[in-house]
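Student: The sequence isn't on hand, but the structure is:
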DNA sequence: CGTGCCAGGTGCCCT
DNA sequence: AGGGCACTTGGCACG
């Protein structure tokens, strides 16, 4: 059980034999070779021969990469069924998943390299600066949005949709906040408008305010916002991080 | 200039020396090893040590993959600046891009494997069953949507947004079609409504119809559709493919 | 399971 | 460069 095994096969047969013995094991397999591809599922695609890099992960997630570009040219998310067979002039690999039913077929005419890696990674991935951070910061410090604001609920589910932050202003009016971590577009404005409409219908139109909370708004979206009688408040993920850190320090200081 | 070069380095120094000599060349480089990662840019992230696979492509697109899962844990799209340095107990790699300014730093404590691949792929990728196909099919055969429909324009740009297909029905009313290749949700309905509003304001509300063209609609979206006085027409990418193929055959038959 | 919605989304095309 | 929008989007949380 080597951690790493690499092969530069002399023939397709050799490549096939080696891959067949490893492909169902729980390891990462990398294949570099010349293949053509057919995919059929939600959509369908085809690409003729070219030199590409195939990665089969431990959970049978499959990625086929061209020598350039960020995105894989073809892929299969995890839980696909894997099969391999030796054809007349090629090694064929089928990766199948159900729900949705999708088939990815690679036909390798040439295999230059195979690598098998028994690697482990149990680390926890931490991400900062996402929308969730903004939400958390506003709960910790509502005055970051405006004085006298009270947060009543977060992720409030209504008939069709979810209100990011739901509160009440110093005059007793309901405040609906839609958060965006990036420059907000029209969808954000319309999303907010829908929520304001729904709540407004319940509680009375002039008892409900809608605030788009984001680092910026696209110009057309801002016009739309004004037309729809909604408000904008600048707030960035970085501002959120600062607030969260401040309150964490406070919490620690207590002990 | 070997097509493939692989190294199983005995030390970090050896790995560093080898990588340094190759990292700026136009080839695909794969590194397998134990690293920790920091990213800072639009957002920020951090992950402690774990065994991962790094891919540096010819265009300096960078992908860092865990041994499981479809998505890279960290990455940098193409055109990033690459630098490498030997630290006390690690090999450090920085991948930087401007606009937006983002920095990805990998700190390898251990490198098990390095592979360099001089590969070429100039094949053309063909994709079927996308929204574009539906558009093409409707232009070729408008009666697939309804009898007497005439297509006037495709991808019609209006004040804010793009109308997928724009036509006129047998009674002379304008028909605005919003296409979706998958089950349509609320956004699709609202998108359509916006276009109908804009055109309706110009030409008179009751001279404009809006049709959502998709394989299916989510139930809430359908309710919203009805409320907003819009229509739904079932049409799938597969139906589109059939129409396109039929017309291709016709075209060939002519010659 | 469907429904809603975020994402360092990415990519493509247009003005 | 900014805006609009599709994508085999993927992924997650929740009814």
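Tutor: Cool, the structure landed. Small disclaimer: the values here were computed from a predicted structure and weren't measured. Residues are numbered from 1 along each chain as shown, chains lettered A, B, ... in the order given.

Student: all helices of the stretch 1-150 of chain A, in order?
Tutor: Assigned by DSSP state H, counting those that start in this stretch, the stretch 1-150 of chain A shows helices spanning A:12-22, A:131-140.

Student: does the last one come close to DNA strand C?
Tutor: It refers to helix A:131-140. Yes: counting by Cβ under 7 Å from any atom of the strand, DNA strand C has neighbours in helix A:131-140: A:131-132. Heads up, the C-betas are built off the backbone N, CA and C, glycines and all.

Student: and that helix, how far from the chain's centre?
Tutor: Chain-centre distance of helix A:131-140: 20 Å, with Cα atoms, centre = their mean, to the nearest Å.

Student: So which residues lie in contact with it, not counting its own?
Tutor: A:144-145, A:151, A:154-155, A:164-165, A:177, A:179-181, A:213, A:235, A:237, A:239-241, A:243-244, A:247 (Cβ atoms under 8 Å, 6 or more residues apart in numbering or on different chains).

Student: contacting residues around the residue in the stretch 51-200 of chain A that DNA strand D sits nearest to?
Tutor: Residue of the stretch 51-200 of chain A nearest DNA strand D, by Cβ to the nearest atom of the strand: residue A:74 (3.6 Å). Counting by Cβ under 8 Å, 6+ apart, residue A:74 touches A:37, A:39, A:45, A:47, A:64, A:104, A:106.

Student: Where do the strands of chain A begin and end?
Tutor: Taking DSSP state E, the strands of chain A run over residues A:4-7, A:28-40, A:44-56, A:62-65, A:74-76, A:81-86, A:91-97, A:102-117, A:125-128, A:150-158, A:161-168, A:174-179, A:208-214, A:231-234.

Student: okay, now residue A:40: neighbour count?
Tutor: Per other Cβ atoms under 10 Å in any protein chain shown, the neighbour tally for residue A:40 reads 15.

Student: List the contacts of it.
Tutor: So residue A:40 contacts A:102-103 (Cβ under 8 Å, 6+ apart).

Student: before we move on, what about residue A:116?
Tutor: Counting by Cβ under 8 Å, 6+ apart, residue A:116 makes contact with A:4-6, A:22, A:25, A:27-30.

Student: any idea how far residue B:71 is from it?
Tutor: Remark: distance between residue A:116 and residue B:71 (Cβ to Cβ, to the nearest Å) = 22 Å.

Student: Mind pulling up the pLDDT for the residue of the stretch 51-200 of chain A closest to DNA strand D?
Tutor: Residue A:74 carries a pLDDT value of 98.

Student: Skipping its backbone neighbours, what lies nearest it in space?
Tutor: Excluding its sequence neighbours, the residue lying closest to residue A:74 (Cβ to Cβ, 6 or more residues apart in numbering or on different chains) is residue A:64, at 4.5 Å.

Student: Pull the number of nearby residues for that neighbour.
Tutor: For residue A:64, using other Cβ under 10 Å, the count is 23.

Student: so what's the nearest residue to residue A:94 once chain neighbours are set aside up against?
Tutor: Closest residue to residue A:94 apart from its sequence neighbours, by Cβ to Cβ, 6+ apart: residue A:83 at 4.8 Å. Residues near residue A:83 by Cβ under 8 Å, 6+ apart: A:93-94, A:96.

Student: between those, which is closest to chain B?
Tutor: residue A:96 (15.5 Å; Cβ to the nearest Cβ).

Student: how many other residues sit next to the residue lying closest to the closest one once chain neighbours are set aside?
Tutor: In this structure, residue A:96 finds its nearest non-sequential neighbour in residue A:81, 4.5 Å apart by Cβ to Cβ, 6+ apart. Using other Cβ under 10 Å, residue A:81 is surrounded by 12 other residues.

Student: swap in the one 5 residues further on?
Tutor: Other residues near residue A:86 come to 15 when the count uses other Cβ under 10 Å.

Student: I'd like the distance between it and DNA strand C.
Tutor: As for residue A:86, its distance to DNA strand C is 34 Å (criterion: Cβ to the nearest atom of the strand, to the nearest Å).

Student: Could you list everything that residue pairs with in the sheet?
Tutor: Beta-bridge partners of residue A:86, counted by DSSP bridges, are residue A:91.

Student: Go ahead and confirm it touches residue A:16.
Tutor: Yes: in this structure, residue A:86 is within contact of residue A:16 by Cβ atoms under 8 Å, at 4.4 Å.

Student: The lowest-mean-pLDDT helix or strand in chain A vs chain B: in contact?
Tutor: The helix or strand of chain A with the lowest confidence, counting by mean pLDDT, DSSP states H and E, is helix A:237-253 at a mean of 86. Yes: counting by Cβ under 8 Å from any Cβ of the partner chain, chain B has neighbours in helix A:237-253: residue A:237.

Student: Could you check that helix and say which residues are buried?
Tutor: Of the residues in helix A:237-253, A:237, A:239-241, A:243-244 count as buried by neighbour count, 16 or more other Cβ atoms under 10 Å in any protein chain shown.
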